[in-house]
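Participant: Here is the input, now give the coordinates:
(4 chains)
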There are 2 protein chains.
Amino acid sequence: MLLDRMVKPPGQAGADTKARILDAADAVFTRRGIDGARMQEIADRARVNKALLHYHFRSKDELARAVWLRIAASLLPQIFETMTSDAALDGKIDQFVDAYLTRLQRHPYIPTYILGEIARRPELVSALFSSGRGAAARRMVRKLREQIAEEIGKGRIAPVTAEQFMATLLGACVFPFAARPLIAAALGIGPRAFGGFIERRRKELPAFLKRGLRP
Amino acid sequence: MLLDRMVKPPGQAGADTKARILDAADAVFTRRGIDGARMQEIADRARVNKALLHYHFRSKDELARAVWLRIAASLLPQIFETMTSDAALDGKIDQFVDAYLTRLQRHPYIPTYILGEIARRPELVSALFSSGRGAAARRMVRKLREQIAEEIGKGRIAPVTAEQFMATLLGACVFPFAARPLIAAALGIGPRAFGGFIERRRKELPAFLKRGLRP
DNA sequence: GTCTATATGTTGATAGAC
DNA sequence: GTCTATCAACATATAGAC
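Facilitator: Coordinates of the predicted model:
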């Protein structure tokens, strides 16, 4: 009993466990989707019992929500920050493409997971833009609109819309990962060659996007 | 009995029903995903009993596969045909963007559905490129490579890779629909304004892509 | 906090009458 | 071909001991 406390102090006892559960849930939810995920698989992966999942998180829905918010917090702020800064458009493109290809290469399951859940769980979408993030998103859109309007006014770029450009930029980074099995099959390449495809994209895409902006 | 035959001739009796089931399954699978779909909902929508689904298609998996192949057959050939033709690159861009934005606007659930399932059901991906379609895909890639190499050689376009360009083109068309709830929430717009967003894209995107190709 | 055992509710699938 | 009734297999969630 006393020994137990020394190994697992009451204050931190479940802290480690809860984090392990979240990590396990993250892995399972992102790979299989919320519908396809099984609490048993999450429990196994976290090396705990199924019942403990319901002790730390009331239900599967709540666990899914916790994972969702954690992922959102790890992705959105950087997008907002990069695109809202005072840097030049070209610099934003470079930074955005490089940062996101790197990040998605490390977490290749994220795109499919996010795109799948936002389409089928409206409550998760609204959770995305609550707290300070709704305002951050609006700030980003406003800043981009101003910046692009100014560049157009100076005749430095073609007349594009901020929303359209942002959709193209984001889609160009995210789509290859979301469509990865399709691309790999169509090109007849394996995981290694797909890595090469992304490395190639890292150089080619920013140049392409900048040319697309030229007047 | 005799009357029954006159109303429902044996040859066509189930033909209509089977088609109704396929349509219902299409609607449910594309909206909810294969994991999230319920045989009961498909049966209700087709106005038949659940047992009949298993009579016409042995299992949920087989029904899902039938729906999948039907959708693939309605999408892929047009892509292959458009991109393999002898038309100029600019013309291909115009035709591709217009055709796919129109088609996806009519079937907005398709992108999420396809991207979700290809990531989690490898068997569906290989089914995609069996029969004649694997060859058609290879022909398209080869043709595009040749065409782009030639244009680069003539100094008419920037040095882009066929695969990269194709990924950008496809992603630019598909992504807005796959990310629709996200875009709508970030911009604070509803379904009607999203329709406007797509109409705007129909004009702006081809111009952007062509500028991206300019040397 | 963590476990074992169990309740409760779905869901895909089958049997068998018509 | 189509229906009603039912089964067997999970999956989420809870009860209760430690």
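
Participant: residues from chain A in reach of DNA strand D?
Facilitator: Within chain A, the residues that sit near DNA strand D (C-beta under 7 Å from any atom of the strand) are A:37-40, A:50-51, A:54, A:58-61. Placement of C-beta: from N, CA and C, glycine included.

Participant: So which of those residues is the closest to chain B?
Facilitator: Sorting these by how near they are to chain B, with C-beta to the nearest C-beta, puts A:Ala37 at the top with 9.1 Å.

Participant: quick one, phi psi at the closest one?
Facilitator: Main-chain torsions, A:Ala37, degrees, to the nearest 10: phi -70, psi 150.

Participant: The residue nearest the centre of chain A sits in which helix or strand?
Facilitator: For chain A, the residue nearest the mean C-alpha position is A:Leu75 (4.7 Å; C-alpha atoms, centre = their mean). Using DSSP states H and E, A:Leu75 sits in helix A:60-84.

Participant: Name the residues that touch that helix?
Facilitator: By C-beta atoms under 8 Å, 6 or more residues apart in numbering or on different chains, the surrounding residues in contact with helix A:60-84 are A:21-22, A:25-26, A:29-30, A:34, A:37, A:39, A:42, A:53, A:57, A:92, A:95-96, A:99, A:103, A:110, A:113-114, A:117, A:124, A:127-128, A:133, A:136-137, A:139-140, A:143-144, A:166.

Participant: so how far is it from its chain's centroid?
Facilitator: Helix A:60-84 sits 7 Å away from the centroid of its parent chain (C-alpha atoms, centre = their mean, to the nearest Å).

Participant: does any bit of it sit next to DNA strand C?
Facilitator: No - Helix A:60-84 lies out of reach of DNA strand C by C-beta under 7 Å from any atom of the strand, never closer than 12.9 Å.

Participant: What are the buried residues along that helix?
Facilitator: By neighbour count on 16 or more other C-beta atoms under 10 Å in any protein chain shown, the buried set for helix A:60-84 is A:60, A:63-68, A:71-72, A:75-76, A:79-80, A:82-84.

Participant: Quick check: of those, which lies closest to A:Arg202?
Facilitator: A:Arg202 lies nearest to A:Thr82 out of those, by C-beta to C-beta, at 15.9 Å.

Participant: on that earlier part again, so how far is B:Ala72 from the residue nearest to the centre of chain A?
Facilitator: A:Leu75 is 31 Å from B:Ala72, where distance means C-beta to C-beta, to the nearest Å.

Participant: Please tell me I have it right and A:Ile34 contacts A:Arg121.
Facilitator: Yes - at 7.2 Å, A:Ile34 and A:Arg121 qualify as touching, with contact defined as C-beta atoms under 8 Å.

Participant: where in chain A is pLDDT low?
Facilitator: A:1-14 (pLDDT under 70).

Participant: need the helices for it, in chain order.
Facilitator: A:2-7, A:13-36, A:39-46, A:50-56, A:60-84, A:89-106, A:110-120, A:122-128, A:133-153, A:162-178, A:180-187, A:191-213 (DSSP state H).

Participant: Same list (those) but as TSV, adding distance to B:Ala186.
Facilitator: Listed next are those as TSV, based on distance: least, C-beta to C-beta, whole Å:
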stretch	distance to B:Ala186
helix A:2-7	47
helix A:13-36	21
helix A:39-46	30
helix A:50-56	32
helix A:60-84	10
helix A:89-106	15
helix A:110-120	11
helix A:122-128	9
helix A:133-153	5
helix A:162-178	9
helix A:180-187	24
helix A:191-213	20
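
Participant: Tell me which of these lies nearest to B:Lys154.
Facilitator: helix A:191-213 (17.4 Å).

Participant: Tell me the buried residues in that closest one?
Facilitator: A:194, A:197-198, A:201, A:204-213.

Participant: repeat for stretch A:178-195
Facilitator: A:178-187, A:194.

Participant: ditto for stretch A:132-150
Facilitator: A:133, A:136-137, A:140-141, A:143-144, A:147-148.

Participant: Closest one to B:Ile152 out of the residues you listed, please.
Facilitator: For the buried residues of stretch A:132-150, the nearest to B:Ile152 is A:Ile148 (29.6 Å; C-beta to C-beta).

Participant: Would you mind giving the buried residues of stretch A:178-195 as a markdown table with distance to DNA strand C added?
Facilitator: A markdown table is the format used below for these (distance: C-beta to the nearest atom of the strand, whole Å):
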| residue | distance to DNA strand C |
| --- | --- |
| A:Ala178 | 25 |
| A:Ala179 | 26 |
| A:Arg180 | 27 |
| A:Pro181 | 23 |
| A:Leu182 | 25 |
| A:Ile183 | 30 |
| A:Ala184 | 28 |
| A:Ala185 | 26 |
| A:Ala186 | 30 |
| A:Leu187 | 33 |
| A:Phe194 | 32 |
